[in-house]
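> Sequence first, then the predicted structure, then my questions.
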Amino acid sequence: MSHYDVKAGLEKIEGFSVIGVSVITDNDKGAEEINALWEEFFQKQIGQKIKNRVDDVIYAVYSDYEGDHTRPYRYTIGYRIKDGNNNFYNNLNDSLHHVQVKGADYAMMSAAGQQPKALIETWTAIWQSDLDRRFETDFEVYGKRFFEEGVHEVLVAIGVNL
């Protein structure tokens, strides 16, 4: 699986805030619960409820790890909001969750092609890799290229210790 290590670029990312819908899950029941959360995200049109969001890019954030990737974690789907003011509390209606993505070094990987197959393959490679993971926050970015026909690219950012 080392061909993924070659494709990974390292990026120093400043911390940022995401607000959205959230579930605490683990890898045993994650697929089912995460699918249900995506359905809720689109059905409830969460984007329209989030004021002061930066743009239309969707973030899926992994946080509150109780250990390594075999242990429970929190998964939040939402939008990045403007930092620097405390207005995000206005957004916390309808049981929306606020998560702070930690400023850190991240290994950046691209999962493009047929989804969710490409994303699952990328995560499997991450679990099998020798990345020195921080297990604080990791995230996926669903931007314009995700919605492009034939591209469906998700950026996966894994917090690492250098």
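Cool, the structure landed. Residues are numbered from 1 along each chain as shown.
> Sketch out the helices for the chain, chain order is fine.
Listed in chain order, the helices of the chain (DSSP state H) span residues 2-7, 30-43, 46-49, 117-128, 144-147.
> which helices and strands sit right next to the second one?
Helix 30-43 makes packing contacts with strand 16-25, strand 73-81 when contacts are defined by 3 or more C-beta pairs under 8 Å, 6 or more residues apart in numbering; DSSP states H and E. C-betas here are computed from N, CA, C, even on glycine.
> List the neighbours of the longest one that are in contact with it.
Right, strand 16-25. Residues from elsewhere that reach strand 16-25 (C-beta atoms under 8 Å, 6 or more residues apart in numbering): 33-34, 36-37, 40-41, 44, 46, 50, 53, 59, 61, 64, 72-81, 83, 88, 91-92, 95-101, 139.
> re the thing from before, output the helices of the chain in JSON lines; the columns should cover distance to Ala107, mean neighbour count and mean pLDDT.
As requested, the helices of the chain are arranged in JSON lines below (distance: least, C-beta to C-beta, whole Å; neighbours: other C-beta atoms under 10 Å; pLDDT from 0 to 100):
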{"stretch": "helix 2-7", "distance to Ala107": "8", "mean neighbour count": "11", "mean pLDDT": "41"}
{"stretch": "helix 30-43", "distance to Ala107": "20", "mean neighbour count": "13", "mean pLDDT": "94"}
{"stretch": "helix 46-49", "distance to Ala107": "28", "mean neighbour count": "15", "mean pLDDT": "86"}
{"stretch": "helix 117-128", "distance to Ala107": "8", "mean neighbour count": "16", "mean pLDDT": "92"}
{"stretch": "helix 144-147", "distance to Ala107": "19", "mean neighbour count": "14", "mean pLDDT": "93"}
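> Tabulate those (JSON lines), appending distance to Glu14.
Below are those laid out as JSON lines (distance: least, C-beta to C-beta, whole Å):
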{"stretch": "helix 2-7", "distance to Glu14": "23"}
{"stretch": "helix 30-43", "distance to Glu14": "25"}
{"stretch": "helix 46-49", "distance to Glu14": "23"}
{"stretch": "helix 117-128", "distance to Glu14": "22"}
{"stretch": "helix 144-147", "distance to Glu14": "22"}
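> Out of these, flag the one nearest Asp68.
Distances from Asp68 to each of these were compared using C-beta to C-beta; the minimum, 9.2 Å, belongs to helix 117-128.
> And the contacts of that closest one?
Outside helix 117-128, the residues within contact range by C-beta under 8 Å, 6+ apart are 1, 4, 69, 109-112, 140, 152, 154, 156, 158.
> When you filter those down to buried only, what's left?
Those of the contacts of helix 117-128 that meet the buried threshold are 4, 109-112, 140, 152, 154, 156, 158, by 16 or more other C-beta atoms under 10 Å.
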